[in-house]
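Novice: sequence? don't have it. structure:
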Ligand code: GUN
């Protein structure tokens, strides 16, 4: 079997068109332009590209984007002061602090400082708690993109065994939490695997849907996948040989039924979901929180 591709790029285009229409309606009804403030600390080249792409995507759908660039020498207190200012600024609806932050800055301390109603990454403990309880305010961008990719391609999730490799706060944990909830696009049986999992291939071979987010190039090989499974690759590993996902694409595509390419799979969806969350943040603030 050769898997068919799950085209994240095409879906992201469609989602962006949908957001653009909703943004135009919002502006017409409220007289306010949704605004995202992106905070970039230091000069990590990959982060620069991600932030630029996020800003471009905002502008294309009618969302204002403001970039706050701070040097790698910025202190934690200076960063916290900027976040406090953005929290108070009523013209800013969403705040995104690009990760990773330079060494010496306590990431959780900074993310906890973002006002929960402006937390378009859904990293604040209040928003994570709401997701865990099945009453989300914002959904985290990458897991939400993956969920939409599955739902809009008609891949059954309810009752399926989803195996997530990776337990990060950004992808693995929230992904598992979202798919185990009751309701449409969820109701899955979920296993979370990680670096300490014993006999990983025995578990991944049980997956109807295998979601991989561990940050190791070509980690998942063909023998780790059940024939006919759906494989979603969240990895973006820049190596000397080029950009690779966490999945050995050429080998796994001969075993799986559906597979995401890298690039062009999950990446573009993450940005589309950020736009959705920024609009939602503007709505929440227009409604008085
Ligand atoms: N760095 C890598 N992924 C992300 C993300 O989803 N949000 C932010 N803010 N930074 C990231």
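Specialist: Ah, there it is. Because the structure is a prediction, the values reported are computed rather than measured.
Novice: so how far is the ligand from the residue lying closest to residue 179 once chain neighbours are set aside?
Specialist: Residue nearest to residue 179 in three dimensions, not counting chain neighbours: residue 188, with 4.3 Å by CB to CB, 6 or more residues apart in numbering. For the C-beta atoms, the positions are set from N, CA and C on the backbone; glycine is no exception. For residue 188, the distance to the ligand equals 22 Å [CB to the nearest ligand atom, to the nearest Å].
Novice: Write out the residues of this structure neighbouring the ligand.
Specialist: Neighbours of the ligand within the chain, by CB under 6 Å from any ligand atom: 96-99, 121, 141-142, 170.
Novice: Quick one: buried ones out of the residues you listed?
Specialist: In the residues of the chain next to the ligand, burial by neighbour count holds for 96-99, 121, 141-142, 170, counting by 16 or more other CB atoms under 10 Å.
Novice: Return the closest of those with respect to the ligand.
Specialist: Lowest distance from the ligand to those (CB to the nearest ligand atom) belongs to residue 99, with 3.7 Å.
Novice: If we ignore the residues flanking it in sequence, what's nearest that closest one?
Specialist: Nearest non-adjacent residue to residue 99, counting by CB to CB, 6+ apart: residue 107, 6.7 Å away.
Novice: Quick one: the strands in the chain, in order.
Specialist: Assigned strands in the chain, in chain order: 4-5, 35-41, 64-70, 94-97, 161-165, 189-193, 209-212, 230-233, 237-239, 242-244, 258-259 (criterion: DSSP state E).
Novice: The first one - what's its average pLDDT?
Specialist: Confidence over strand 4-5 (mean pLDDT, whole number) is 98.
Novice: centre of the chain versus it, how much separation?
Specialist: On the basis of CA atoms, centre = their mean, to the nearest Å, strand 4-5 sits 21 Å off its chain's mean C-alpha point.
Novice: Can you tell me the strand partners of it and which way each runs?
Specialist: strand 258-259 (parallel) (DSSP bridges).
Novice: contact partners of the strand it pairs with?
Specialist: For strand 258-259, contacts defined as CB atoms under 8 Å, 6 or more residues apart in numbering pick out 3-6, 153, 155, 230-233, 247, 249, 252-253.
Novice: can you do 7 Å?
Specialist: Contacts with strand 258-259, where a contact means CB atoms under 7 Å, 6 or more residues apart in numbering, come from 3-6, 155, 230-231, 249, 252-253.
Novice: before we move on, back to that, export the strands of the chain to TSV and tack on distance to residue 200?
Specialist: Converted to TSV, the strands of the chain look like this (distance: least, CB to CB, whole Å):
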stretch	distance to residue 200
strand 4-5	25
strand 35-41	35
strand 64-70	39
strand 94-97	32
strand 161-165	7
strand 189-193	6
strand 209-212	11
strand 230-233	15
strand 237-239	18
strand 242-244	19
strand 258-259	19
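Novice: Which among these is found nearest to residue 84?
Specialist: Among those, the nearest to residue 84 by CB to CB is strand 94-97 (10.7 Å).
Novice: pretty sure the residue nearest to residue 99 contacts residue 98?
Specialist: No: between residue 107 and residue 98 there is no contact under CB atoms under 7 Å: 11.2 Å.
Novice: show me where the stretch 101-250 of the chain has helices.
Specialist: When secondary structure is read from DSSP state H, counting those that start in this stretch, the stretch 101-250 of the chain shows helices at 107-113, 125-132, 141-152, 172-180, 200-204, 249-252.
Novice: and the direction of the third one versus that of helix 172-180, what angle?
Specialist: It refers to helix 141-152. Angle, helix 141-152 to helix 172-180, by axes from the mean of the first three to the mean of the last three CA atoms, to 10 degrees: 30 degrees.
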